[in-house]
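Q: could you look at this predicted model? Sequence included:
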Amino acid sequence: MNKKLVITGSIFGFLAVLTGAFGAHGLEKLLPPDSIATFETGVTYQMYHALLLLILPTLPLTIKTKRVLFFLLLLGILFFSGSIYGLATNALSFFDFKKIALLTPLGGTLLITAWGVLIFNFIKIKNNK
């Protein structure tokens, strides 16, 4: 599970840098500033959660909890950031991403749930001091 977490986190981190560079340099003349800002929001949240995936193996969590967090973060990143990328670049696409706009709050809910699972598990840890 730890290897899966760090590989997935590394892939999402790599793609966040790549996507961010594309947004900053490839889309700047094609989209209005508000769409670029929206696109950057997707990149930012993708990177935050990629970093979380990378540190999960170091945390005192059960394999079951890590597995739950893996799926919450994987789907959360794909739905939240992925739909934001689509919505921000909607004017450049043949597909109307507004039809799947509900994926954004669903993805956000999954990411929030992942943080909630972390909080719950940290509270359960017994303090040895």
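A: Thanks, I have it. Numbering: from 1, shown residues only.
Q: quick check: Ser83 touching Lys98?
A: No. Using CB atoms under 8 Å, Ser83 makes no contact with Lys98, being 10.0 Å away. C-beta coordinates here come from the backbone N, C-alpha and C atoms, glycine included.
Q: C-terminal to the longest helix anywhere in the chain, what's the next element?
A: Using DSSP state H, we find that the single longest helix of the chain is helix 63-88. Remark: after helix 63-88, the chain's next helix or strand is helix 103-124, criterion DSSP states H and E.
Q: who are the packing partners of that following helix?
A: Judged by 3 or more CB pairs under 8 Å, 6 or more residues apart in numbering; DSSP states H and E, the packing partners of helix 103-124 are helix 33-55, helix 63-88.
Q: check what contacts it and list those residues.
A: Residues from elsewhere that reach helix 103-124 (CB atoms under 8 Å, 6 or more residues apart in numbering): 45, 49, 52, 59, 61, 65, 68-69, 72-73, 75-84, 87.
Q: next up, the contacts around the residue most central in space within the chain.
A: By CA atoms, centre = their mean, the mean C-alpha position of the chain lies nearest to Ile77, the distance being 2.9 Å. Contacts for Ile77 (CB under 8 Å, 6+ apart) come out as Phe12, Tyr45, Gln46, His49, Ala50, Gly107, Leu111.
Q: so what's Asn127 scoring on pLDDT?
A: If you check Asn127, the pLDDT there is 73.
Q: give me the neighbour count for Trp115.
A: 15 (other CB atoms under 10 Å).
Q: where does pLDDT dip in this protein?
A: Along the chain, the parts satisfying pLDDT under 70 run over 128-129.
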